[in-house]
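In: here are the coordinates; sequence isn't available:
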DNA sequence: AGCACGCCGACT
DNA sequence: GTCGGCGTGCTC
Ligand SMILES: [Zn+2]
Ligand SMILES: [Zn+2]
């Protein structure tokens, strides 16, 4: 079996005789593990080979009647553990919604044989015993009760005195949602019986009232079937009727009380639209996709922003479902909005399951079960939906295929949802369609080399023109002193004109807060985070300095930490400042901001979207959030506040990212009218990336970028594995990293290793980061054995030199 | 990962 | 004296 723990191996347990018939591969079982009494794991296989080298324990219980996981999932998870060099248990941890795991807790109960008079008790002990007479308690409860952190000694003593008993309480985390309902007892559902009953109740007006209300709501005689589902009990309390009368009616068997398990997932209207209306261009693209899928497993759909890729997806998904297969649509987290979900619901109704990371555990369990029970044949979801229990997947669509957020960053498995989905498709023998307006270099390359099919959509839906893109040369404007509060005259006058025409504006700046740093004008000191080597971002609204990496906050200092000067200035601009300053420049404009800080509350995102779409906002300032999937007909101007920042990230994808980000946000302009304008503020207008963006020249951009990648041996020509050594002590981190580098060079060749070097952010959450890169050629024999070698060297180095003061992270296909 | 064991510093 | 810190080792 697999346990959801970061351990490399599987574990073998004995199945007790009485459970033999109930266990099968894929079932969740509870086992004792080490000192832990109950751990939930999943059965991988059942065999008859009793291990010779150790004693097996018996499993305790089986949680499932039907297995939670199937063989496709195992195959997929095995691939993932191997490819991303992590433990099978780590993959399981990522795959299983935590609602599937058991929670277990030690509970304390009073020993029924305990005689209080027979022993001496301290004051604290007495208080605990007193409380235990009415309740069972957890360790935490007791700690609270006696206001003391260590309770272990007291508990030990009480056990010795035979006052209490310990037991382990295990519960399934998932709990179905149950509602209490009532319905009329069967015998009263005929007109005659009902009339008699009414008469009997003549002298009991309250009860009669309740019955009347029920009949109003459930016309038992006219629609006989209506009595079966009954009505929620809370209906009566809500409408102010006497609950005691209702209780009496239930007691007298007039009403029958029963419970019903209901879904947490809101019921959706049945599908209304059965066919998608495709434009000529879309129809042609769809036909081309289908044709290419005859001979290829994957097709890249390269459609400019606003070309209507979603309709094509819908058509393809419908087709796949009609063939009796399941379909999966993957979206980046920020793109899975209610807007898109509602649009899909119109076509797929309740045959569609939504798998979102914002869902509660219980909801995720319900989607998982729903898929198993055949209630869904189409799932729209984020990265982690690749783990769902599909049984006959026919089509996977990966939208916004280029998105970096498809890569899981921190806990292992550090998988790329796109690449994992491609593997999932292979396992199911399914087809894959990857969509993007700005395909990743890797994907375009795969299509160009004929491994994948390729379908371009060159025009926007309805032949609407692409926006006109202009550059605002900040160097020239600064020299001419036409820059106000960071806004070039070019951009500012365009904003004015757009608002005057009653159209809307989006301003994009990929940085939240007011200003990325505070600086002392006298000594140049910059307040830094105490745990990270980054400056603290100034947040005006909350009036604090905040670290965007670890969350550390402090009050805004009144004077410099080092020289006590009061002359502190803000440096740089985040969305909050831009909002502020633009309001000063345009006092009449209705300006709002959309970033992590303004959308933290539950419905704030939806509210902003609604307000903007109803034109209650003229200018929306935002971070990445405004680049994806938003479809506002009235937006005619997009301003990119600072295009240069992203270009200089120390990362081989910096240019690709810049290109994608700007093209995506530009795509918000003029989606309906075709009158869209984009203005990009840059101090380097001669940088080639801007010419490609301006001329909508993806191919030019691609060719140049591919050449660079080949020159410098980066993907798609190589595979980059990134290794970070984390340690609380910088010297130790460096020492280990150097040692590791030497061993790796020795094992797989020195020209494949780059580094070690201090990471671009040296310290994060008090851990020093030293990194090194391993570049492996694209198509080499024995790739997996080289990777395994790397993993075992890393593992070794970790146990030898790191211990618990740090860790070493392997990131396959870093991005 | 979590849990126990074991070995050293600073408190009643 | 012992309480509690964390380094180390193990889990079928
Ligand atoms: Zn100073
Ligand atoms: Zn920090």
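Out: That came in fine, so what should we check first? Small disclaimer: the values here were computed from a predicted structure and weren't measured. Residues are numbered from 1 along each chain as shown, chains lettered A, B, ... in the order given. Ligands and ions are numbered 1, 2, ... in the order given.
In: residue numbers of the stretch 301-450 of chain A in contact with DNA strand B?
Out: For the stretch 301-450 of chain A, the contact set with DNA strand B under CB under 7 Å from any atom of the strand is empty. Where C-beta positions appear, they are placed from N, C-alpha and C, glycine not excepted.
In: in the stretch 301-450 of chain A, which residue sits nearest DNA strand C?
Out: Going by CB to the nearest atom of the strand, DNA strand C is nearest to residue A:412 of the stretch 301-450 of chain A, at 15.7 Å.
In: do a quick rundown of the strands in the stretch 651-800 of chain A.
Out: For the stretch 651-800 of chain A, strands defined by DSSP state E, counting those that start in this stretch occupy the ranges A:677-682, A:718-727, A:753-764, A:767-777.
In: of the ones you listed, which is nearest ligand 2?
Out: Set against ligand 2 and scored by CB to the ion, those come closest in strand A:753-764, at 7.0 Å.
In: now do that closest one and strand A:767-777, the angle between them.
Out: If you take axes from the mean of the first three to the mean of the last three CA atoms, to 10 degrees, strand A:753-764 sits at 150 degrees to strand A:767-777.
In: re the thing from before, state the pLDDT value of the residue of the stretch 301-450 of chain A closest to DNA strand C.
Out: Looking at residue A:412, its pLDDT reads 94.
In: tally up the residues packed near it, please.
Out: For residue A:412, the neighbour count with other CB atoms under 10 Å is 21.
In: format the strands of the stretch 651-800 of chain A as a markdown table; extra columns: distance to ligand 2, mean neighbour count and mean pLDDT.
Out: What follows is the strands of the stretch 651-800 of chain A, written out as a markdown table (distance: least, CB to the ion, whole Å; neighbours: other CB atoms under 10 Å; pLDDT from 0 to 100):
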| stretch | distance to ligand 2 | mean neighbour count | mean pLDDT |
| --- | --- | --- | --- |
| strand A:677-682 | 29 | 25 | 97 |
| strand A:718-727 | 14 | 22 | 95 |
| strand A:753-764 | 7 | 17 | 94 |
| strand A:767-777 | 11 | 20 | 95 |
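In: do you know which of those strands lies nearest residue A:60?
Out: strand A:718-727 (36.9 Å; CB to CB).
In: show me the contacts for residue A:81.
Out: Neighbouring residues of residue A:81 by CB atoms under 8 Å, 6 or more residues apart in numbering: A:87-88, A:90-91, A:413.
In: which of those residues fall within helices?
Out: Among the contacts of residue A:81, the members falling in helices are A:88, A:90-91 (criterion: DSSP state H).
In: from DNA strand B, how far out is residue A:209?
Out: 55 Å (CB to the nearest atom of the strand, to the nearest Å).
In: report the contact partners of that residue.
Out: Residue A:209 neighbours (CB under 8 Å, 6+ apart): A:241-242, A:245.
In: again with residue A:307
Out: A:281-282, A:437, A:457-461.
In: can you rerun that using 6 Å?
Out: Counting by CB atoms under 6 Å, 6 or more residues apart in numbering, residue A:307 touches A:457, A:460-461.
In: rewinding a little: which one of the ones in helices among the contacts of residue A:81 is nearest to ligand 1?
Out: Ligand 1 has its nearest neighbour among the ones in helices among the contacts of residue A:81 in residue A:90, at 46.7 Å by CB to the ion.
In: quick revisit: quick one: closest of the strands of the stretch 651-800 of chain A to DNA strand C.
Out: strand A:718-727 (11.5 Å).
In: what's that closest one in contact with?
Out: Contacts of strand A:718-727 (CB under 6 Å, 6+ apart): A:733, A:736-737, A:767-777, A:805-812, A:814.
In: near DNA strand C, from the residues you listed?
Out: Answer for these near DNA strand C (CB under 7 Å from any atom of the strand): residue A:805.
In: ignoring the adjacent residues along the chain, who's closest to residue A:612?
Out: residue A:620 (5.4 Å; CB to CB, 6 or more residues apart in numbering).
In: contact partners for that neighbour?
Out: A:506, A:592, A:594, A:612.
In: and the gap between the residue in the stretch 501-650 of chain A that DNA strand C sits nearest to and residue A:726?
Out: Going by CB to the nearest atom of the strand, DNA strand C is nearest to residue A:531 of the stretch 501-650 of chain A, at 15.8 Å. Residue A:531 is 13 Å from residue A:726, where distance means CB to CB, to the nearest Å.
In: how about residue A:367?
Out: In terms of CB to CB, residue A:367 sits 35 Å off from residue A:726.
In: if we can go back for a sec, okay, the contacts of residue A:81 in CSV with neighbour count next?
Out: Below are the contacts of residue A:81 laid out as CSV (neighbours: other CB atoms under 10 Å):
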residue, neighbour count
A:87, 19
A:88, 25
A:90, 23
A:91, 25
A:413, 23
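In: from these, which single one is nearest DNA strand C?
Out: Nearest to DNA strand C among the contacts of residue A:81, with distances taken as CB to the nearest atom of the strand, is residue A:87, at 10.4 Å.
In: phi and psi next, for the residue lying closest to that closest one once chain neighbours are set aside.
Out: Nearest residue to residue A:87, sequence neighbours excluded (CB to CB, 6+ apart): residue A:6, at 4.8 Å. With angles defined as degrees, to the nearest 10, residue A:6 sits at phi -80, psi 60.
In: residues in contact with residue A:6?
Out: Counting by CB under 6 Å, 6+ apart, residue A:6 touches A:87, A:89-90.
In: tabulate those residues (TSV), appending distance to residue A:165 and pLDDT.
Out: Below are these laid out as TSV (distance: CB to CB, whole Å; pLDDT from 0 to 100):
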residue	distance to residue A:165	pLDDT
A:87	37	96
A:89	33	96
A:90	36	97
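In: just give me the closest of these to residue A:328.
Out: Distances from residue A:328 to these, taken by CB to CB, are shortest for residue A:90, at 22.5 Å.
In: distance check, that closest one against DNA strand B.
Out: Going from residue A:90 to DNA strand B by CB to the nearest atom of the strand gives 9 Å.
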